[in-house]
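In: The following comprises the amino acid sequence and a computationally predicted model.
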Amino acid sequence: MAFGGSVKDKKMDIISQLITPERVVAHLKVGAKKQALQELAKRAAAFTGLHERQIFDVLLEREKLGTTGVGHGIAIPHGKLAGLDRLYGLFARLDAPIDFEAIDEQPVDLIFLLLAPESAGADHLKALARVSRLMRDRAYCEKLRGSSNVDALYALLTDAPTSHAA
């Protein structure tokens with residue numbers, strides 16, 4: 001994955017490479033963390049070509065190491081999988097917040113899923129850091145929460161604020 005160019009270009013490149021409009025869910029209806037992970041795995045299976053259960057198992061194993069609910073209503077579930085040829089992302093805005101066992105004990109309503117090849121190494125960490133910085137911007141997250149259609153969410157995600165670039 002290329003990380004050349006200006007700071008703004010770098011961030012746009014990584015987010016644009018991770019998601020497409022088809023990988024943005026404006027209204028995810030789930031009632032619990034496990035159900036959210038199952039639904040994300042199901043949707044990710046459609047664009048990665050991997051089996052839904054394989055993705056779900058990796059996400060569940062990662063959650064056992066510690067929650068990916070990073071606080072302020074945000075979760076960034078992630079994992080490495082054999083059979084992937086590149087990094088994949090999926091963003092979901094939940095219709096109603098759910099308990100995600102987040103570090104601040106607040107319910108989660110914005111989820112950015114990140115899947116990487118087993119050999120991803122630094123690229124996986126760079127992508128995770130970019131997504132994390134992006135989602136730490138509270139004003140930005142409020143814009144995501146206020147957008148109820150895929151096109152608006154995708155535009156916000158791919159034209160993110162530049163002050164949190166890696």
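Out: It's in.

In: Double-check that residue 92 belongs to a helix.
Out: No - counting by DSSP: H, G, I helix; E, B strand; the rest coil, residue 92 is not part of a helix but strand.

In: which stretches of the protein aren't confidently modelled?
Out: Filtered on pLDDT under 70, the chain yields the residue ranges 1-13, 160-166.

In: Check it for its longest helix and report it.
Out: Across the chain, the longest stretch assigned as helix under DSSP state H is helix 33-48.

In: Distance from it to the middle of the chain?
Out: 12 Å (CA atoms, centre = their mean, to the nearest Å).

In: What ranges does this structure have for its strands?
Out: 24-28, 69-71, 74-75, 78-81, 88-98, 108-117 (DSSP state E).

In: Quick check, central residue of this structure?
Out: residue 112 (1.7 Å; CA atoms, centre = their mean).

In: which strand residues sit across from that residue in the sheet?
Out: Residue 112 has the following beta-bridge partners by DSSP bridges: residue 91.

In: Next, the contact list for it, please.
Out: Residue 112 sits next to 74-76, 89-92, 131, 135 when contact means CB atoms under 8 Å, 6 or more residues apart in numbering. For every residue, glycine as well, the C-beta is placed using N, CA and C.

In: Then residue 68?
Out: Shown in contact with residue 68 (CB under 8 Å, 6+ apart): 62, 75-78, 100.
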